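In: With the sequence up front, the predicted model follows.
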Amino acid sequence: MIRILFVCLGNICRSTMAEYVMKYLVEQRGVAEQFFIDSAGTSAEETGNPVHHGTRRRLQQAGIPCGGHRARKMTAADYDRFDLLIGMEESNLRSMRRITGGDPAGKIRRLLDYTSRGGDIADPWYTGNFDATFDDVWEGCQALLEWCLENR
């Protein structure tokens, strides 16, 4: 089983979008039983809050189910629980390494680094552009899924 944790700052926009997109993609490919997918944030400020309404609306527009998620903060123990810890931007990666005490196994990566272009995924909390974030997350999750299936 491949265990993936998606991480952003608050765990209400990008990481939850990636969690539900990835769950949708693995279901569509018929490989859901090979994956455990979750999300968390590097900050505790949104802990307990539901998925942001903009994320929920954009997922619904794409026909992707969005469950009863409640935001949680990433913990050091997540490093051992997951095979891949996927951040949305470079600042997430720095915070993730701080929380885990480093990345000796090379598990912490950015989502768009699985694509040919790399880069950060903008936070729609600040930009208001949930469509652009969705497009980046969709592209990143598709590339990550292919990478996982090729490298299992």
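Out: Looks like it arrived, so ask away. Numbering: from 1, shown residues only.
In: Could you list every helix and strand in contact with the strand or helix carrying residue 85?
Out: Element membership for residue 85, per DSSP states H and E: strand 84-87. If contacts are counted by 3 or more C-beta pairs under 8 Å, 6 or more residues apart in numbering; DSSP states H and E, strand 84-87 sits against strand 2-8, helix 90-100, strand 108-110, helix 130-150. C-beta coordinates here come from the backbone N, C-alpha and C atoms, glycine included.
In: try 10 Å
Out: Contact analysis of strand 84-87 by 3 or more C-beta pairs under 10 Å, 6 or more residues apart in numbering; DSSP states H and E lists strand 2-8, helix 14-29, strand 35-41, helix 90-100, strand 108-110, helix 130-150 as its packing neighbours.
In: what pairs with residue 35 across the strands?
Out: Legend: beta-bridge partners of residue 35 under DSSP bridges are residue 2.
In: need the contact list for it.
Out: Counting by C-beta atoms under 10 Å, 6 or more residues apart in numbering, residue 35 touches 1-4, 22-23, 25-27, 29, 83, 145, 148.
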